[in-house]
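Colleague: I'll drop the sequence and a predicted model, then ask my questions.
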Amino acid sequence: MGRQHWKKIWVGSAGNMVEWFDWFVYASFATYFAGAFFPSGNPTAQLMNTAGIFAVGFFMRPVGGWLLGRVGDRKGRKAALTLTVTLMSASAVLIAVAPTYGVAGYGGALVLLVARLLQGLSVGGEYAASATYLTEASDPRRRGFASSFQYVSMTAGQIVGLGLQIVLQRTMSDDALHSYGWRIPFVVGALGAAVVFYLRRHMLETEVYEEDTSHAGERGTLRALWQHRREAFLVVALTMGGTVAYYTYTTYLTKYLSNSAGLSKQTATLVSFTALIVFACLQPLAGALSDRIGRRPLLITFAVGSTFLTVPIMTLLRHADGYWSALGLALLALVVVTGYTSINACVKAELFPTGVRALGVALPYAIANALFGGTAEYVALWFKKAGIESGFYWYVAACAAVSLVVYVTMRETKDLDLGRVKAAGGAGDGSAESTVTTAS
C-alpha cells in the first residue's frame, strides 16, 4: 500500500481516536469532577447527575448521524469530517474551562450539558463520515484492511485515555485530581482535535464522491434513504449484536472484573489495557483477511462465537482469580468480537449508493448504537441489581443470535463497485441492486 493510501487512512481515522479519547475520559474521570458541578452532600446523587448528562450524549448521536450524514452526502466527505472535528474540539474546550458549582452555581452543569450535546452530535457523525471516507478512498482490493483502522483508532483513543488516567493517578494526589487534575485530559483532547482539524483541512475529497452523478437535490435526504430502507434496517440488525458485545468487553469489562470478579481496580485496569492493545493489533489482520475470503465469513464467525461463547466466557470471568486468567478470557472474547469490529464500517458503506452512503451508515448505526451499545452497561447493572447477573450474559448472546440471522441471509459485499451501487425498483420497494465487479 502506497504512501498516499496510508495518509488517507491516517487522516480518515485520526478523528476517531480523539473522539473516543474524549468519550472515554468523560466517563472515567466523572468520579473526580462530579462534585465540581453539583452541590456536595451525596456522592451517589452527584454521580447520577453526571451520568445523566453523559446519557444525553447517546441520545444526541442519532441527531448527529442524521445531520452530519446529510452534510457528508450533500457537501462532501471532507466537509463532514471537518465539521465533526470542530464540534469535538469545542466540546473538549467547554468541559476543560467549565466553571464549578462554587463559582457559577448550576451554570457549570449547563456548560457541561452543552458540551455533551456537541460531543454527541460529533460522535454520531464521525463514525459514518470516517467509515465512508476510508471505504471510498481505499484501493477496492484493500477496503477491508483500510476500514479496519477505524476500530484501531477508536481503541487507540481508549488506550491513550486509560494510559493518561493511570499516569495522572500515579503522579497527582487524589485531592489534586478532584480540584483541577480532571481538566487535563480535556485540554489534551482539545489539542488533539485541533491537530486533526488541520490535517482534515488539507485532505482530498474521494474520487467516488466527486464522480457521483446522482441528483444533487436528493443527496443525503431522508426521502432518498427511505428508498434504501431495507439496507437501513439491515445496518441496525447487523450492528445490534456487534455493538453490545463490543461495549461489554471494552468499556464494561473493567467494572465487571472489579465489581463482580472481585479483582482489584489496578488489576482490572491492567487487564483491560493489555487486552485493548492486542485487540487493536488484530483489526488490520482481520480486515485484510476479509479482502481475501469475504466479509460474511468473518461476521458469521463472530455471531456464532458470541452466541455460544458469551455465557461461558462471562461466567468464567466472574470467577477469574488473577491477572492472567482474566486476560486470557478477555482476549478470547475480543478475538471473537474482531470478526465484527474489523469490517463492520466497510460492510455498511458498501450497502448504499454514493448519494446516500454517509446518511445510510450514520443514522441507522447511531440508532442501533444508542439503543443497544450505549445501554449495555446499564442493562448489565440492572441484571446485577436484580440479583440475576447471568441474565445479562444471555442478553448479549441473544443480540448476537439476531445478528447471526442477518449475516447468514445478507449478500456478500466484498467485490461491489462503490460507484455503481444503485436502487433497482425506485422509491417504492426499497430493494437494491448492486453491480459486482471482481477486483483484479
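Modeller: That came in fine, so what should we check first? Residues are numbered from 1 along each chain as shown.

Colleague: if I look at Y252, how far off is C399?
Modeller: Relative to C399, Y252 is positioned 14 Å away (CB to CB, to the nearest Å). Every C-beta, even on glycine, is put in place using the N, C-alpha and C of the backbone.

Colleague: An error on my part: the question was meant for F197.
Modeller: To C399, F197 is 36 Å away according to CB to CB.

Colleague: Strands of the chain, residue ranges please.
Modeller: 416-423, 432-436 (DSSP state E).

Colleague: In CSV, list the C-alpha atoms belonging to the first one.
Modeller: Listed next in CSV are the C-alpha coordinates belonging to strand 416-423 (Å, rounded to 0.1, in the frame of the first residue of the first chain):
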residue,chain,number,x,y,z
LEU,A,416,-19.0,-4.4,-5.1
ASP,A,417,-18.2,-1.4,-7.3
LEU,A,418,-19.0,1.5,-4.9
GLY,A,419,-19.7,3.8,-7.9
ARG,A,420,-22.4,1.5,-9.3
VAL,A,421,-24.4,0.6,-6.2
LYS,A,422,-27.9,1.8,-7.0
ALA,A,423,-31.6,1.3,-6.3
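
Colleague: just checking, what packs against it?
Modeller: If contacts are counted by 3 or more CB pairs under 8 Å, 6 or more residues apart in numbering; DSSP states H and E, strand 416-423 sits against strand 432-436.

Colleague: mean confidence for the strand it packs on?
Modeller: The pLDDT scores in strand 432-436 average 41.

Colleague: Can you get me a residue count around F352?
Modeller: The tally of other residues near F352 (other CB atoms under 10 Å) stands at 28.

Colleague: And the pLDDT at it?
Modeller: 93.

Colleague: quick one: which of Y252 and C399 has more around it?
Modeller: Neighbours were counted for Y252 and for C399 using other CB under 10 Å; C399 has more, 27 against 20.

Colleague: So that one is in contact with T375, correct?
Modeller: No. With contact defined as CB atoms under 8 Å, C399 and T375 do not form a contacting pair (10.9 Å).

Colleague: residue boundaries of the helices in the stretch 201-350 of the chain?
Modeller: 207-210, 222-226, 229-249, 253-259, 265-293, 295-318, 323-341, 344-349 (DSSP state H, counting those that start in this stretch).

Colleague: most neighbours per residue, which of those helices?
Modeller: helix 344-349 (a mean of 29; mean count of other CB atoms under 10 Å).

Colleague: Not counting its own residues, what contacts it?
Modeller: 127, 130-132, 134-136, 143-144, 146-148, 150-151, 235, 238-239, 242, 287, 295, 299, 357, 360-361, 365, 413, 418 (CB atoms under 8 Å, 6 or more residues apart in numbering).

Colleague: got the CA positions of that helix in PDB?
Modeller: Taking Å, rounded to 0.1, in the frame of the first residue of the first chain, the C-alpha atoms of helix 344-349 are listed here in PDB:
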ATOM      1  CA  ASN A 344     -18.400  -3.500  10.000                       C
ATOM      2  CA  ALA A 345     -17.500   0.000   8.800                       C
ATOM      3  CA  CYS A 346     -16.900  -1.100   5.200                       C
ATOM      4  CA  VAL A 347     -19.800  -3.500   5.100                       C
ATOM      5  CA  LYS A 348     -22.200  -0.800   6.000                       C
ATOM      6  CA  ALA A 349     -20.700   1.600   3.500                       C
END
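
Colleague: Looking at it now, give me its mean pLDDT.
Modeller: 92.

Colleague: got it, and stretch 295-313?
Modeller: 97.

Colleague: For L164, see how far away the closest residue to L162 other than its chain neighbours is.
Modeller: Once flanking residues are discounted, L162 sits nearest to F273: 5.3 Å by CB to CB, 6 or more residues apart in numbering. Going from F273 to L164 by CB to CB gives 11 Å.

Colleague: Only alpha carbons, please: show stretch 112-131 as CSV.
Modeller: Taking C-alpha atoms only, stretch 112-131 is exported to CSV below (Å, rounded to 0.1, in the frame of the first residue of the first chain):
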residue,chain,number,x,y,z
LEU,A,112,-21.2,20.6,30.8
LEU,A,113,-24.6,19.7,29.3
VAL,A,114,-23.9,21.9,26.2
ALA,A,115,-20.5,20.2,25.8
ARG,A,116,-22.1,16.7,25.9
LEU,A,117,-24.7,17.8,23.3
LEU,A,118,-21.9,18.8,21.0
GLN,A,119,-19.9,15.7,21.7
GLY,A,120,-23.0,13.5,21.0
LEU,A,121,-23.5,15.3,17.7
SER,A,122,-19.9,14.8,16.8
VAL,A,123,-19.7,11.1,17.7
GLY,A,124,-22.9,10.5,15.8
GLY,A,125,-21.4,11.8,12.6
GLU,A,126,-17.7,10.9,13.0
TYR,A,127,-18.3,7.2,12.7
ALA,A,128,-20.2,7.3,9.4
ALA,A,129,-18.1,10.1,7.9
SER,A,130,-14.8,8.3,8.6
ALA,A,131,-16.3,4.9,7.6
